[in-house]
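Undergrad: predicted model follows, preceded by the sequence.
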Amino acid sequence: MFVNSLGTDFRIWDEVVELVKNEGSVLLFDKPGHGLSEAIESPFRIADYVQLIVSLLDALQIEKCVYVGLSIGGLIGQHMALKHPNRIGYLILSNSFPKSDGVDYWNTRIKAIQEGGMASISDKILQRWLAESFRSNKKAETAGLKRMLESCSPIGYIHACEAIRDEDLSNQIQAIQIPTLCIGGSEDHATSPEKVRTTAASIPNAKVIVMDGAGHLPPVEAPQAFAQVMLDFIHLSNNSLYEQGMHTRRSVLGDAHVNKAEANKTDFDKDFQEYITNSAWGAVWSRPGLTKRERSLLTIALMTALGHDEELAMHLKATKNTGATENDVKEVLLHTGVYAGVPATNSAIKIAKEVFSKKE
């Protein structure tokens with residue numbers, strides 16, 4: 001279940017949903033006055049949004065969900081995890097903090113909207129939402145987000161501002177017992193990485209990751225990385241280290257390769273096979289700190305430098321699963337030519353050409 005941020009609607013999840021839809025059913029929730037949800041005249045508290053979500057789950061006969069909340073969506077998720085813990089299997093809090101920036105801050109924003117409408121705040125909000133690099137390089141997407149914000153119902157938006165202003169869960173979230181992942185953006189000017197780390201430190205056993213280069217809206221700014229971090233967390237939480245390692249190993253190397261390796265396993269090497277599945281694939285490759293593409297390219301560079309040609313060929317073949325492109329590999333091999341030597345890189349290039357020619 002995806003619950004979006006203040007001033008956005010559930011279209012911000014479009015690219016993430018496309019990447020995770022095969023994992024299960026997807027439910028998107030727009031707060032009143034956001035997207036096509038009708039605004040409600042009476043004031044709202046965070047608890048009221050939670051009740052709407054619980055009622056929606058009841059109506060759809062959904063007992064438990066993976067809850068993914070961005071900004072106020074994360075605040076709603078924290079409240080729901082405290083009051084309805086049986087309805088959440090995994091809690092993913094993106095760019096979220098358990099208390100507001102203060103009464104004066106929110107009252108000033110509310111007054112600006114009452115006097116000048118949504119357009120009066122949109123430019124300033126976009127600067128808080130998006131990393132400068134995204135605003136510079138994704139002008140059409142930025143314009144679309146501005147339009148989305150300005151189309152939000154002023155009443156619905158103000159009610160949400162008031163709900164954030166009046167909520168403080170900072171002394172309560174220590175009681176959350178649900179597996180939790182806190183995601184931040186290094187360029188987030190609304191909920192700083194420090195606040196995200198503080199939130200994670202307050203929730204027992206919560207994991208934390210700060211996405212480099214992302215602002216307040218990682219599902220928009222880095223959807224592929226966001227989806228992978230989210231899925232890796234769920235899989236790792238749900239499985240034993242060996243099961244997670246096997247899942248990751250198959251996702252990278254492919255079922256055919258792993259099935260062959262498993263079929264060829266004997267008493268002599270079965271302990272070693274279990275060791276690499278646990279340690280390499282379960283404990284390292286499954287960590288959310290780097291994407292599979294990044295780990296793939298790092299591995300190719302290391303195999304080149306160490307002259308492990310058979311392993312290099314295996315990981316070059318795996319690029320079709322990790323998202324690393326031939327151009328990515330070319331750049332990595334140029335880099336290893338400088339730092340690991342020309343002869344080793346020359347051999348790697350020969351192997352890469354052979355592997356990529358067969359892919360065609």
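TA: Arrived safely. Numbers count the residues shown, from 1 in each chain.
Undergrad: contacts, neighbours, all on C-alpha from now
TA: Fine.
Undergrad: which residues are contacting the top helix by length along the chain?
TA: Criterion DSSP state H: the longest helix present in the chain is helix 342-359. Helix 342-359 has contacts (Cα atoms under 8 Å, 6 or more residues apart in numbering) with 304-307, 309, 312-313, 316-317, 326, 333-334, 336-337.
Undergrad: just the buried subset of the residues you listed, please.
TA: Thr304, Ala305, Gly307, Asp309, Leu312, Ala313, Leu316, Lys317, Leu333, Leu334, Thr336, Gly337 (16 or more other Cα atoms under 10 Å).
Undergrad: and the residue nearest the centre of the chain, how far is that from Ala163?
TA: The structure's the chain has its C-alpha centroid closest to Phe226; by Cα atoms, centre = their mean the separation is 2.5 Å. Plainly put, Phe226 is 27 Å away from Ala163 if you go by Cα to Cα, to the nearest Å.
Undergrad: would you map the strands across the stretch 151-300 of the chain?
TA: Taking DSSP state E, counting those that start in this stretch to define them, one finds strands in the stretch 151-300 of the chain at 180-185, 207-211.
Undergrad: quick one: which of those strands is nearest Asp9?
TA: Among the strands of the stretch 151-300 of the chain, the nearest to Asp9 by Cα to Cα is strand 180-185 (19.4 Å).
Undergrad: hey, which helix or strand in this structure has the poorest pLDDT?
TA: The weakest-scoring helix or strand in the chain, judged by mean pLDDT, DSSP states H and E, is helix 223-238 (a mean of 87).
Undergrad: the residue lying closest to Glu167 once chain neighbours are set aside: neighbour count?
TA: Excluding the flanking residues, the one nearest Glu167 by Cα to Cα, 6 or more residues apart in numbering is Lys99, at 6.0 Å. Lys99 is flanked by 16 other residues according to other Cα atoms under 10 Å.
Undergrad: also Ala200?
TA: Neighbour count of Ala200, defined by other Cα under 10 Å: 24.
Undergrad: contact partners for it?
TA: Ala200 touches Leu181, Cys182, Ala206, Lys207, Val208, counting by Cα under 8 Å, 6+ apart.
Undergrad: partner residues bridging the fourth one?
TA: In this structure, Lys207 has beta-bridge partners Leu181, where bridges are defined by DSSP bridges.
Undergrad: doesn't Cys182 make contact with it?
TA: Yes - judged on Cα atoms under 8 Å, Lys207 makes contact with Cys182 at a distance of 6.1 Å.
Undergrad: more neighbours: those two, which one.
TA: Shown here are Lys207 and Cys182; by other Cα under 10 Å, Cys182 has more neighbours (27 against 17).
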